[in-house]
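Asker: Below are the sequence and a predicted model for it; my questions follow.
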Amino acid sequence: MTHYRSTRLALTVLAAAGLGLSACSQDNSATPTSTTPAPSLAPSTTATSPADIAKQKATAAYLGMWSDMAEAATTSDWQTPKLAQNATGEALQTISRSLYADHYNGLVTKGQPVNHPKPASVEPLDNPTSVTLTDCGDSTNWLKYRADNGQPANDGPSGRRQIEALVKKAVDGSWKVTTFAVHEVGSCTG
């Protein structure tokens, strides 16, 4: 079901519930209840372009990828199927290898990365299948610790880093991050 249809269905259900509630009011006066149909719940006149929809879905997949990775990193679970919800191909391999290396080295990660992705390009504009995102990700509060004793691991500096990601539309219509590149700390200012 498309986003438009699910929104329309939800609005229709809410409208029907509202009509049902108004008919059950506690006003016992002799005034008859109106049988005038509810106004149409048509979508706003501002249409969302295919490019805007693609940007929204790609951004959601990108943020989902980092959220899934942060959750898996709390135990360094490189095998969780959840990682494939928002990442595929090289991106998924990079995440899995990183988590496996942490598992192998007895490390876990606590906290959450902070991301503020912005769409840089959409291809093609009329029927998008790929979106390039740029981000100034912040790992200041997403740190590695030794799993055996909970002590901080010396895994290098944390902070703000430039990130580029390519998000593509899959055959099933979902959007997934296919590649991403994380640069050194201090590589972004935004």
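Answerer: Great, that's in hand.

Asker: residues contacting the residue nearest to Ala51 when sequence neighbours are not counted?
Answerer: Closest residue to Ala51 apart from its sequence neighbours, by Cβ to Cβ, 6 or more residues apart in numbering: Val122 at 4.6 Å. (C-beta placed from N, C-alpha, C; glycine too.) By Cβ atoms under 8 Å, 6 or more residues apart in numbering, the contact list for Val122 reads Ala51, Ala54, Lys55, Pro128, Ser130, Val131, Thr132.

Asker: Please tell me how far the fourth one sits from Val182.
Answerer: As judged by Cβ to Cβ, to the nearest Å, Pro128 and Val182 stand 24 Å apart.

Asker: Please apply the same query to the second one.
Answerer: Ala54 sits 23 Å away from Val182 when distances are taken as Cβ to Cβ.

Asker: Tell me which of the two has more neighbours.
Answerer: Each of Ala54 and Val182 has its neighbours counted (other Cβ atoms under 10 Å); Ala54 has more, 23 against 16.

Asker: Which secondary structure elements does the host helix or strand of the more buried one sit against?
Answerer: Ala54 belongs to helix 50-73 when elements are defined using DSSP states H and E. Applying 3 or more Cβ pairs under 8 Å, 6 or more residues apart in numbering; DSSP states H and E, one finds that helix 50-73 contacts helix 89-104, strand 107-111, strand 118-123, strand 130-138, strand 160-169, strand 175-185.

Asker: Now do the first one against strand 175-185, angle only.
Answerer: Right, the one you point to is helix 89-104. 60 degrees (axes from the mean of the first three to the mean of the last three Cα atoms, to 10 degrees).

Asker: which residues of this protein score low on pLDDT?
Answerer: Scanning the chain for pLDDT under 70 picks out 1-47, 189-190.

Asker: switch to 50 and redo it
Answerer: 1-44 (pLDDT under 50).

Asker: Give me the domain ranges for it.
Answerer: The chain breaks down into these domains under automatic domain parsing: 1-47, 49-185.

Asker: quick one, what contacts the residue nearest to Ser121 when sequence neighbours are not counted?
Answerer: With sequence-adjacent residues excluded and distances taken as Cβ to Cβ, 6+ apart, Ser121 is closest to Thr132, at 4.5 Å. If you count contacts by Cβ under 8 Å, 6+ apart, Thr132 has them with Pro119, Ala120, Ser121, Val122, Glu164, Ala165, Leu166, Val167.
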